[in-house]
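Student: sequence first, then the predicted structure:
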Amino acid sequence: MTKEEILAQLKEVVQVVRPSVNLNEVNFDTRLVEDLAMDSLSMMLTALAIENKLNVRFENNQIFKTVGEVCDVALQLMK
């Protein structure tokens with residue numbers, strides 16, 4: 001799976017967790033808190049959904065600031 005394919009999967013999750021977000025504006029540089037207005041619950045739900053979709057497990061203390069960071073870590077975990 002490529003980083004772009006992971007981004008597409010992440011956008012599907014964001015659409016469910018934050019339905020008001022314009023997915024056309026979500027890219028690797030999109031900030032989770034500042035741009036997507038995610039709070040801790042939204043971040044947890046997003047992480048769990050991505051883990052399930054991609055069959056990966058993030059570390060419990062993993063902190064993500066951007067969509068690109070989520071994609072990079074998920075890609076690494078899939079190898």
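Tutor: Happy to help now that I have it. Note that the coordinates shown come from a computational prediction; the quantities given were computed from them, not determined experimentally. Numbering: from 1, shown residues only.
Student: residue 42 reaches residue 17, doesn't it?
Tutor: Yes. Using CB atoms under 8 Å as the test, residue 42 is close enough to residue 17 to be in contact (5.3 Å). Quick note: C-beta positions are derived from backbone N, CA and C, even for glycine.
Student: quick one, phi psi at residue 28?
Tutor: Here is the backbone geometry of residue 28 (degrees, to the nearest 10): phi -60, psi -30.
Student: which residues are in contact with residue 62?
Tutor: 47, 73 (CB atoms under 8 Å, 6 or more residues apart in numbering).
Student: how much space between residue 33 and residue 78?
Tutor: 25 Å (CB to CB, to the nearest Å).
Student: with neighbour numbers in mind, choose between the two.
Tutor: In terms of neighbours (other CB atoms under 10 Å), residue 33 is the more surrounded of residue 33 and residue 78; the figures are 14 against 11.
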